[in-house]
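Trainee: Kindly generate the corresponding structure for this input.
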Amino acid sequence: MFKSKKYIAVVVLLLAMLVAIPIVRNCRKDAAGDMKYVTNTGVVWTTKYHITYEARADLNDSIQQLLKTIDNSVSPFNKQSLVTAINEGRSNVADNFFIKLYNKALEVNKASDGIYDPTVMPLVNAWGFGYKSGKLPTKEQLDSILAFVGMSKHTQLQGTKVVKDDKRVQFDFSSIAKGMACDEIAAMLSRNGSRNYMVEIGGEVVAHGVNERGKPWHVSVDLPVPDNADGAVHSNAVLLRLDSLAVATSGSYRKFKEVDGKKVSHIVNPKTGSSETSALLSVSIVASDCMSADAWATACMALGLEATQQMMENNTVLGVMTINTDDDGNFIIWSNKRFADLIVEE
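Mentor: Next up, the predicted model:
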């Protein structure tokens, strides 16, 4: 049996979706002259992105258009988006992005025994973490919402037609959309001849090939240190080596509320309607695609520490790392072998 190892995780928040705002373009020619390494950075869905790739031209315009198209498709915070229209019953016809997210979400929903579920949005709203805010919900209110929460139970995708058996069913793909955006940008870069790139949106990362120095891409890994008054705190400790792989992290230590002295997490269990407040601080997942990593990171946060470690210890496809604390506040960090094999020893 693989022994637990102490490593540190990249911690990512599940953030609301807004339109992309480009900030920086930076191009650097390589020795060949034709190909060059390009860096595009900006803000999308209230989080920063950094995209570095080798190509014959700056592809920032294509990146911006792709992010805008995804936002117009699946952002529940965009009142003009397709998913908003579907949620409000004004449309039942899905586009390619909605279909991709739905199919991946359903795959993880079934594999996690329903603990991952994008129809959880009304419950998230009830706890005040969606686009609505208010007092903490009562058990009666949660029970009434649970009656129409359940992706596999209340929805179907028939070709491009979205079928809901209750008009109150709503989709929120925020926990997986950043992962899909990373995958889609990576695919676009590949179509344009790029073989070496790293795409990072809010901490979700896809990497392929090598960097400008001809070395494998290394992703810095942080301790889950709470924000201070100046913003997010990053304590870099180790590096994760990625090639043709993706990594995503979900955490509860930054996105929470305190109401009447009670800590309330944005992680909501779709089976019970409860806000999960376990000792688990974060879960990092390595997968072949970022959509899968994104969805499983959220699923594991809802599963909790023990269930995640039991389910993932012998998994050879997904790399998994969990972080919690002991009674004295010390970090306890566990990883399965698939994840540990990707750690760069310094």
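Trainee: Contacts for stretch 337-346, please.
Mentor: With contacts defined as C-beta atoms under 8 Å, 6 or more residues apart in numbering, stretch 337-346 is touched by 2, 5, 7, 218, 238-242, 245, 284, 286, 315-321, 335. C-beta coordinates here come from the backbone N, C-alpha and C atoms, glycine included.
Trainee: Export it to CSV, keeping only CA atoms.
Mentor: Output of stretch 337-346 as CSV, limited to C-alpha atoms (Å, rounded to 0.1, in the frame of the first residue of the first chain):
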residue,chain,number,x,y,z
LYS,A,337,0.7,7.5,-5.8
ARG,A,338,-0.5,8.9,-9.1
PHE,A,339,-0.2,12.4,-7.8
ALA,A,340,3.0,11.8,-5.8
ASP,A,341,4.8,10.6,-9.0
LEU,A,342,4.4,14.1,-10.5
ILE,A,343,6.0,16.0,-7.7
VAL,A,344,9.3,17.6,-8.6
GLU,A,345,11.8,16.8,-5.8
GLU,A,346,14.0,19.8,-5.0
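Trainee: about what we covered before: can you select the buried ones from the contacts of stretch 337-346 in PyMOL?
Mentor: In PyMOL syntax, the buried subset of the contacts of stretch 337-346 is picked out as below (16 or more other C-beta atoms under 10 Å):
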select buried, resi 7+238+239+240+242+245+284+286+318+319+320+321+335
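Trainee: Which of the contacts of stretch 337-346 fall within strands?
Mentor: If you go by DSSP state E, the contacts of stretch 337-346 have 218, 238-242, 245, 284, 286, 319-321, 335 in strands.
Trainee: Can I get those residues in CSV including pLDDT and distance to D143?
Mentor: Output for the ones in strands among the contacts of stretch 337-346, formatted as CSV (pLDDT from 0 to 100; distance: C-beta to C-beta, whole Å):
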residue, pLDDT, distance to D143
H218, 94, 48
V238, 60, 44
L239, 80, 46
L240, 93, 42
R241, 95, 47
L242, 96, 43
L245, 97, 41
S284, 94, 34
V286, 97, 37
G319, 97, 37
V320, 96, 33
M321, 94, 35
S335, 94, 38
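Trainee: and the residue nearest to V219 when sequence neighbours are not counted, how far is that from T249?
Mentor: Using C-beta to C-beta, 6 or more residues apart in numbering and skipping the chain neighbours, the partner closest in space to V219 is L240 (4.6 Å). Computed as C-beta to C-beta, to the nearest Å, the L240 to T249 distance reads 11 Å.
Trainee: what about P216, neighbour count?
Mentor: When neighbours are defined as other C-beta atoms under 10 Å, P216 has 14 of them.
Trainee: same check, this time on D326
Mentor: Neighbour tally, D326, other C-beta under 10 Å: 9.
Trainee: surely it meets I332?
Mentor: Yes - between D326 and I332 there is a contact under C-beta atoms under 8 Å: 5.6 Å.
Trainee: which residues of the stretch 101-250 of the chain score low on pLDDT?
Mentor: The model of the stretch 101-250 of the chain has pLDDT under 70 over residues 129-135, 221, 223-238.
Trainee: Please consider this matter closed, and thank you.
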